[in-house]
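Q: Generate a structure from the sequence data that follows.
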Amino acid sequence: MGDVDEDVAVQVRDLDQTVLGNPAHDLVRLGLSLAMAARESDLPGVTTAKMLEEMIVGYQASLLGRPQQPSNGRGPKKPESIRIVLKKALRRTWKDLFEERLEDTTPDIPLGAHFWPLSATEKKVVKELFSSNDVRRLVTLPSVYDGNAGIEVVDAAHWVKGCSSLGRIRIAVLVRVEGPAGSKRKICLVDVKEAATAIAPHYKDARMPRSNAERIVMGAKHLAPALGKRMLAARLYGKAVFLRELLPQDLKFDLKNLCEKEAMKIARYLAVVVGQAHARQLDGSGRASWKRELDRHHTKSLDAPSWLWASVVDLVAIHEVAYLAHCRKCAMVRARQT
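A: Got it, this is the predicted structure:
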């Protein structure tokens, strides 16, 4: 993903459930994503086991500040597929972003299946939100602006993005920013999303913001600084929402169609990213204690904690059952309609 200086970095991006809790939950989430990617790539089950082993190796090394270093010393060595995505991200322009997210390059949001119109009252409320100084500072954060530039809402629409957006606030907003004298006006895309209550378990004595939006932004700043620095907690229609400016450099890595060797490298590298995020939030004794706990649950046959393997297997099974049940339900609905 991109940062405010238009550089790129590989970081965690799905932070709606972020809480102050057991770091094991992040490992289970990553392990599940890797296991499902292995299945979609038609890799054998033994490869999933090897990926989890590589994941723990990378995670533990980064947790103690010793990730594998390339010869230039600039962070952990990146797999070839990761390097390709980063190079692509650096070449992307605002036109690429608009074509990908809006399927259009003009300064309006095309209404249709993915974008639904706002009412006059809703448009007024959105414009009032974007007239605040906090939002203005958010969209004028890049160094080309001085933080005092004027902004104007060009267009806005409800954004239908998967099941998670149904019944919740999700709005795409196009904003025009007045740049310095002689520069072109910038059109940026801001995603406004309702902050849902976290279902992830958290420590009972954890001191977290009462607002779900503030909780998510706080988590982003700790786990993914490149994203957190361009997020803002706010309220819209009386509900907690968070705003994030989308950048052309924001690309989601596709884990499909991997060979076994590359899959194992990616598992290790992504675990390094998670481990570095965790290490930033733990002191030395906390990191050492957590590593000892990970070591304590290794088995003779699997160089990864037994609870990690068991959790991932259980979740894959639950996912498959739920998917097949959904398919059966859809088939029965079609049968009744014909």
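
Q: Identify the residues contacting stretch 303-314?
A: If you take Cβ atoms under 8 Å, 6 or more residues apart in numbering as the criterion, stretch 303-314 is touched by 24, 27-28, 31-32, 35, 48-49, 52-53, 55-57, 294, 297-299, 302. The C-beta positions use only the backbone N, C-alpha and C, and glycine is treated the same way.

Q: repeat that for 6 Å
A: Residues from elsewhere that reach stretch 303-314 (Cβ atoms under 6 Å, 6 or more residues apart in numbering): 27-28, 31-32, 35, 52-53, 56, 294, 297, 299, 302.

Q: could those residues be laid out in a markdown table, adding distance to V241, pLDDT and neighbour count?
A: Output for the contacts of stretch 303-314, formatted as a markdown table (distance: Cβ to Cβ, whole Å; pLDDT from 0 to 100; neighbours: other Cβ atoms under 10 Å):
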| residue | distance to V241 | pLDDT | neighbour count |
| --- | --- | --- | --- |
| L27 | 29 | 91 | 25 |
| V28 | 28 | 91 | 18 |
| G31 | 31 | 92 | 26 |
| L32 | 28 | 91 | 18 |
| A35 | 33 | 90 | 24 |
| L52 | 36 | 91 | 26 |
| E53 | 40 | 90 | 19 |
| I56 | 37 | 91 | 24 |
| L294 | 37 | 83 | 19 |
| H297 | 40 | 70 | 14 |
| T299 | 45 | 66 | 10 |
| L302 | 43 | 69 | 16 |
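
Q: The residues you listed in helices, which ones?
A: 27-28, 31-32, 35, 52-53, 56, 294 (DSSP state H).

Q: Include distance to L129 when you put the residues you listed into JSON lines, please.
A: Output for the ones in helices among the contacts of stretch 303-314, formatted as JSON lines (distance: Cβ to Cβ, whole Å):
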{"residue": "L27", "distance to L129": "37"}
{"residue": "V28", "distance to L129": "36"}
{"residue": "G31", "distance to L129": "38"}
{"residue": "L32", "distance to L129": "35"}
{"residue": "A35", "distance to L129": "40"}
{"residue": "L52", "distance to L129": "43"}
{"residue": "E53", "distance to L129": "47"}
{"residue": "I56", "distance to L129": "44"}
{"residue": "L294", "distance to L129": "44"}
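
Q: so which pair among those residues is furthest apart in space?
A: Maximum pairwise distance in the ones in helices among the contacts of stretch 303-314, criterion Cβ to Cβ, is 18.4 Å, between A35 and L294.

Q: Please enumerate the strands of the chain.
A: If DSSP state E is used as the criterion, the strands of the chain fall at 115-116, 151-159, 170-177, 186-194, 231-236, 239-246.

Q: Format the ones you listed as a markdown table; extra columns: mean pLDDT and distance to A224.
A: What follows is these, written out as a markdown table (pLDDT from 0 to 100; distance: least, Cβ to Cβ, whole Å):
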| stretch | mean pLDDT | distance to A224 |
| --- | --- | --- |
| strand 115-116 | 90 | 26 |
| strand 151-159 | 89 | 21 |
| strand 170-177 | 89 | 20 |
| strand 186-194 | 88 | 15 |
| strand 231-236 | 92 | 9 |
| strand 239-246 | 91 | 11 |
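
Q: want to try JSON lines for those strands, with distance to A61 and mean neighbour count as columns?
A: Below are the strands of the chain laid out as JSON lines (distance: least, Cβ to Cβ, whole Å; neighbours: other Cβ atoms under 10 Å):
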{"stretch": "strand 115-116", "distance to A61": "44", "mean neighbour count": "18"}
{"stretch": "strand 151-159", "distance to A61": "39", "mean neighbour count": "20"}
{"stretch": "strand 170-177", "distance to A61": "38", "mean neighbour count": "21"}
{"stretch": "strand 186-194", "distance to A61": "34", "mean neighbour count": "20"}
{"stretch": "strand 231-236", "distance to A61": "29", "mean neighbour count": "19"}
{"stretch": "strand 239-246", "distance to A61": "31", "mean neighbour count": "21"}
